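1. the sequence isn't on hand, but the structure is:
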């Protein structure tokens, strides 16, 4: 497993939704101290008897590197400028692909408004696998399509 951090620390973690030309996409984004943004696609599913919620995501992949303002607010402004709606992350740990099932519905997303809302990952050991099987820049929704087929 390759560590995407390469000496960087996790500065922020968001859930996102974004309206593309063909559909909505959902997932999570990490902002690292060196300006890199990592993204994974996925989200929650709800159903069953009794009703339960499960969260499932693809592996992390690098989506961009920011320059200039490397504050958490600067990263949030850039993402909003790229049409990402940001909310607080769900219960899936950033070093795991799934969480749950837990009883009940997932609840409403809480809009991100301040860095004070975000979890503190300062001491987290993170080992993220690099997926060389596809180039997400050439096929941005291939990871989501793979996840939906599972």
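-> Looks like it arrived, so ask away. The shown structure was predicted, so the numbers you read here are calculated from the model rather than taken from an experiment.

2. low-confidence ranges, the protein, go.
-> Scanning the chain for pLDDT under 70 picks out 1-6, 108-113, 115, 119-150.

3. got the phi/psi numbers for the residue nearest to residue 52 when sequence neighbours are not counted?
-> Leaving aside its sequence neighbours, residue 52 sits nearest to residue 101 (C-beta to C-beta, 6 or more residues apart in numbering; 3.8 Å). In this view, the C-beta of every residue, glycine as well, is placed from N, C-alpha and C. When read as degrees, to the nearest 10, the backbone of residue 101 gives phi -80, psi 150.

4. with residue 55 instead?
-> With angles defined as degrees, to the nearest 10, residue 55 sits at phi -110, psi 140.

5. follow-up on the earlier one: my read: the residue nearest to residue 52 touches residue 54, true?
-> Yes: in this structure, residue 101 is within contact of residue 54 by C-beta atoms under 8 Å, at 4.6 Å.

6. please report how far the residue nearest to residue 52 lies from residue 91.
-> Going from residue 101 to residue 91 by C-beta to C-beta, to the nearest Å gives 11 Å.

7. the host helix or strand of residue 44 - contacts with which helices or strands?
-> Residue 44 is part of strand 36-47 when elements are defined by DSSP states H and E. Secondary-structure packing of strand 36-47 (3 or more C-beta pairs under 8 Å, 6 or more residues apart in numbering; DSSP states H and E): strand 24-32, strand 52-57, strand 61-65, helix 142-149.

8. can you list the strands that it pairs with?
-> Take DSSP bridges as the rule and strand 36-47 pairs in its sheet with strand 24-32 (antiparallel), strand 52-57 (antiparallel), strand 61-65 (antiparallel).

9. residues in contact with the first one?
-> Residues from elsewhere that reach strand 24-32, judged by C-beta atoms under 8 Å, 6 or more residues apart in numbering: 4-5, 8-18, 37-43, 57-58, 60, 63, 66, 72, 75, 79, 84, 86, 89-90, 92, 94, 141, 144.
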